[in-house]
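> Next input, structure requested:
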Amino acid sequence: ASGPLASALARATYRGLPGHPVLLGRDHWAPLAAALHGDRGAGPYLVAQGALAVECGDLATGADRDRPGGP
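Okay, here's the model as predicted:
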């Protein structure tokens, strides 16, 4: 399917710092998969593609939590 959501690319920011969630439209799936290397993640791709930054600092802290109660 195509449309505005297929090309969407946005990420939450917290006081200007990048965080999660990230919105990846379908048009970005294959190019992102090809760009991923090691444990770096999607950050460089999002910057290079000019992902829309959505400030969410008024909603949460943006702390990365891998399990309840800790990092």
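> Ala51 contacts Ala8, doesn't it?
No. The criterion here is Cβ atoms under 8 Å, and Ala51 misses it with Ala8 at 9.3 Å. Heads up, the C-betas are built off the backbone N, CA and C, glycines and all.
> quick check, Val47 in a helix?
Yes. Counting by DSSP: H, G, I helix; E, B strand; the rest coil, Val47 is located in a helix.
> before we move on, back to that, more neighbours, Ala51 and Ala8?
Each of Ala51 and Ala8 has its neighbours counted (other Cβ atoms under 10 Å); Ala51 has more, 21 against 15.
> mind listing what that one touches?
By Cβ atoms under 8 Å, 6 or more residues apart in numbering, the contact list for Ala51 reads Leu9, Ala10, Arg11, Val22.
> Now it. Nearest residue, chain neighbours left out?
Nearest residue to Ala51 in three dimensions, chain neighbours excluded: Leu9, at 4.5 Å (Cβ to Cβ, 6 or more residues apart in numbering).
> What number of residues are in the vicinity of the one you found?
By other Cβ under 10 Å, 18 other residues sit near Leu9.
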